[in-house]
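Enquirer: Prediction below, plus the sequence it came from.
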Amino acid sequence: MFRKLIASVLLVIGFCFTSAGGHAQGQVADAEGRQWWQHAVFYEIYPRSFADSNNDGIGDLNGVTSKLDYLRDLGVDAIWLTPCYPSPQVDFGYDVSDYENIDPMYGTLRDFDRLVSESRKRGIRIIMDFVINHTSDQHKWFLDSKSSRNSAYRDWYIWRDGKGPGRPPNNWLASFGGSAWKFDPQTGQYYYHFFYPEQPDLNWRNPAVKKAMFDVTRYWYKRGVAGFRLDAVDTLFEDPDLHDNPIRPGTNWQGLPDMINKYNDKLPEVHEVLKELRKVADEHGAVLIGETWTGDIEELKKYYGEHGEELEMPMDFMFTTVNKLSPSEFRRQIAKVESSGGWPVYVLSNHDITRSYNRYGDGQHNDAIAKLMAGLYLTLRGTPIMYYGEEIGMENNNPKRKEDVKDPIGRLGWPMFKGRDGERTPMQWNDEPNAGFSRATSWLPVSPAYPTHNVARELQDPGSVLQFYKHLLALRHQNGALLDGEYVPLNENDPNVLSYLRRYKSEAVLVVLNMSAAPHKVRFDLSSQNLSSATARTLLTTRRIQPQEASLRELSLEPFEVYIAEISK
Ligand code: GLC
Ligand code: CA
């Protein structure tokens with residue numbers, strides 16, 4: 001509430017944030033206190049795979065800049081760039097060796113500045129990915145840290161004695177395989193890594209680490225960045241006494257004991273760091289998005305902070321665990337996040353999660369289902385984060401042979417788990433070789449679906465997934481109820497059709513999603529909502545011919561239809 005008030009006051013006095021670098025961040029909130037990110041559509045770009053400007057087979061920042069008109073026309077307001085800092089690329093950029101530069105394979109700081117300024121001209125903000133849990137083992141801090149037990153940076157990482165020869169300090173397992181401890185023969189101690197051994201965890205209990213990392217955020221704010229997506233925040237802290245983690249019966253994806261990360265995941269200290277990071281972000285009108293793998297709503301609530309003083313946008317990944325078209329499951333998940341009191345953040349997939357096209361598609365109606373899923377997460381109350389290519393119905397292209405796998409965990413997990421290459425393949429721009437992504441062979445193979453699923457072709461086809469996204473995003477941007485309206489579930493016992501209202505002041509928008517392959521008839525009684533009208537005025541449907549109106553007493557739906565309409569009093 002207090003933040004809301006301040007925001008409105010700032011608006012009234014014509015506040016316009018200008019950072020030290022001279023990059024205006026633009027208006028912070030609207031007249032009703034809504035922050036810019038609450039009305040924004042975010043779009044995740046994996047820069048290696050978006051557009052290759054210099055034809056070396058790897059996407060780059062100038063490639064992204066060259067596609068800004070496309071993104072503006074699509075209806076994107078903010079781009080989250082996954083890491084493009086200098087990196088040995090063991091984890092494709094999530095192993096950062098310098099937080100204040102751009103990897104030459106992606107371009108230069110000047111290219112980055114141009115991306116920011118060209119984006120701003122089109123009303124698009126840039127969000128950087130901030131890998132705060134760990135650095136690369138090639139970062140100068142770690143190189144110094146491992147050089148001797150007395151080095152200035154020794155305590156920037158987590159070094160411990162083993163329990164004896166060949167015996168690590170405790171039983172913790174790395175989420176990317178094997179023990180979470182790696183022995184360093186030179187100094188005779190182990191260091192801790194939650195991910196790959198090439199990604200040593202920073203010691204967030206050391207105030208010098210905190211200061212250095214906070215300064216990194218200031219550096220990018222000055223370059224005009226509008227916020228950060230915080231990588232792997234769950235695992236910032238570890239139990240200082242290194243208690244062994246409990247083990248469950250069974251094995252994990254690697255055939256190792258199935259461990260509960262009780263002592264190295266979601267420790268309460270994380271929240272102290274987030275509160276402080278947030279204060280720095282607030283000084284710059286910036287937003288913080290969290291990679292928050294919460295198991296239940298109580299955990300998610302904690303990330304917003306008791307008084308909303310932590311992450312504005314913790315991602316709700318529980319939503320992505322509904323891997324079937326189940327109205328009741330989605331209703332349950334939506335109700336949960338609605339009950340959190342925070343502003344929901346919806347995601348369908350990302351560079352770590354199999355594309356939604358494959359997860360929900362039935363192999364027969366995949367395009368219709370892609371539109372259905374858009375109809376869901378782009379009309380809910382909250383901020384959606386799209387993943388590049390979702391808007392053209394891009395599918396996973398998983399490696400066929402182990403020797404083709406680029407993502408190291410895919411080689412470790414083969415054939416059970418083939419890694420994350422499949423969801424990271426090049427964006428499909430047209431039907432030219434390499435889907436127009438590059439004139440060179442691309443670092444990952446383009447999906448064989450590119451002749452039918454590409455931007456150029458879908459722009460020509462009024463019935464394409466892309467056109468549906470464009471219409472829906474345009475509607476969302478100008479409709480008060482879709483932007484700000486309360487979420488009111490309807491017909492909650494319907495096993496096939498998910499329906500809800502978005503209510504804002506005197507406006508009401510009805511969203512009806514037929515999640516089944518059969519046609520259905522639905523009926524709405526909105527009298528309890530003080531809406532007496534028996535008809536709805538169509539705003540958007542997936543039908544070829546849009547009815548202008550429909551009866552609420554008997555609304556006929558095609559298989560997988562999305563029906564969005566305005567209801568008057
Ligand atoms: C996050 C990233 C993932 C990366 C991991 C380690 O989960 O999204 O891609 O491998 O952190 O940095
Ligand atoms: Ca390139």
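Expert: That came through, no problem. Note that the structure is a prediction, hence the values are computed from the model and not measured. Ligands and ions are numbered 1, 2, ... in the order given.
Enquirer: Show me where the stretch 351-500 of the chain has its strands.
Expert: Along the stretch 351-500 of the chain, the segments classed as strands by DSSP state E, counting those that start in this stretch run 383-387, 486-490, 497-504.
Enquirer: Direction included, what does the first one pair against?
Expert: So the one you mean is strand 383-387. strand 42-45 (parallel), strand 345-347 (parallel) (DSSP bridges).
Enquirer: does any bit of the longest one sit next to ligand 1?
Expert: No - using CB under 6 Å from any ligand atom, no contact is recorded between strand 42-45 and ligand 1, whose separation bottoms out at 10.0 Å. Glycine gets a C-beta too; all of them are placed from N, C-alpha and C.
Enquirer: Can you give me the buried ones in stretch 364-384?
Expert: Residues 366-384 are the ones in stretch 364-384 that count as buried (16 or more other CB atoms under 10 Å).
Enquirer: mean confidence score for that stretch?
Expert: Throughout stretch 364-384, pLDDT has a mean value of 98.
Enquirer: what's the answer for stretch 509-528, then?
Expert: Within the predicted structure, the mean pLDDT of stretch 509-528 is 97.
Enquirer: got the residues of this structure near ligand 2?
Expert: Residues of the chain that fall close to ligand 2, judged by CB under 5 Å from the ion: D52, N54, D56, I58, D60.
Enquirer: Among those, find me the one that's closest to ligand 1.
Expert: Proximity of those to ligand 1, judged by CB to the nearest ligand atom, is greatest for I58, which lies at 16.8 Å.
Enquirer: For the closest one, what are phi and psi?
Expert: The main-chain torsion angles of I58 are listed as degrees, to the nearest 10 and equal phi -120, psi 130.
Enquirer: again with A232
Expert: Per degrees, to the nearest 10, the backbone of A232 is at phi 50, psi 50.
Enquirer: I'd like to know how far it sits from ligand 2.
Expert: 27 Å (CB to the ion, to the nearest Å).
Enquirer: That residue: neighbouring residues, count only.
Expert: For A232, the tally of surrounding residues (other CB atoms under 10 Å) stands at 21.
Enquirer: I45: neighbouring residues, count only.
Expert: When neighbours are defined as other CB under 10 Å, I45 has 28 of them.
Enquirer: roughly how far apart are it and ligand 2?
Expert: Here I45 is placed at a distance of 14 Å from ligand 2 (CB to the ion).
Enquirer: Do I have it right that that residue meets G63?
Expert: No - with the criterion set as CB atoms under 8 Å, I45 and G63 do not qualify as a contacting pair; they are 9.5 Å apart.
Enquirer: wait, what's in contact with whatever residue of the stretch 251-400 of the chain ends up closest to ligand 2?
Expert: In the stretch 251-400 of the chain, no residue comes nearer to ligand 2 than Y388, which is 15.9 Å away by CB to the ion. Contacts of Y388 were listed using CB atoms under 8 Å, 6 or more residues apart in numbering, and they are Y43, E44, I45, Y46, S49, F50, M394, M427.
Enquirer: give me that answer again for 10 Å
Expert: 43-47, 49-51, 59, 64, 67, 71, 76, 79, 82, 350-351, 394, 424, 426-427 (CB atoms under 10 Å, 6 or more residues apart in numbering).
Enquirer: And for Q89?
Expert: When the contact criterion is CB under 10 Å, 6+ apart, the partners of Q89 are R48, I58, P83, D95, S97, D103, M105, S136, E198, K406.
Enquirer: ok, so of the residues you listed, who is nearest ligand 1?
Expert: Within these, the smallest distance to ligand 1 is 7.3 Å, found for D95 (CB to the nearest ligand atom).
Enquirer: How many neighbouring residues does the closest one have?
Expert: Counted with other CB under 10 Å, D95 comes out at 24.
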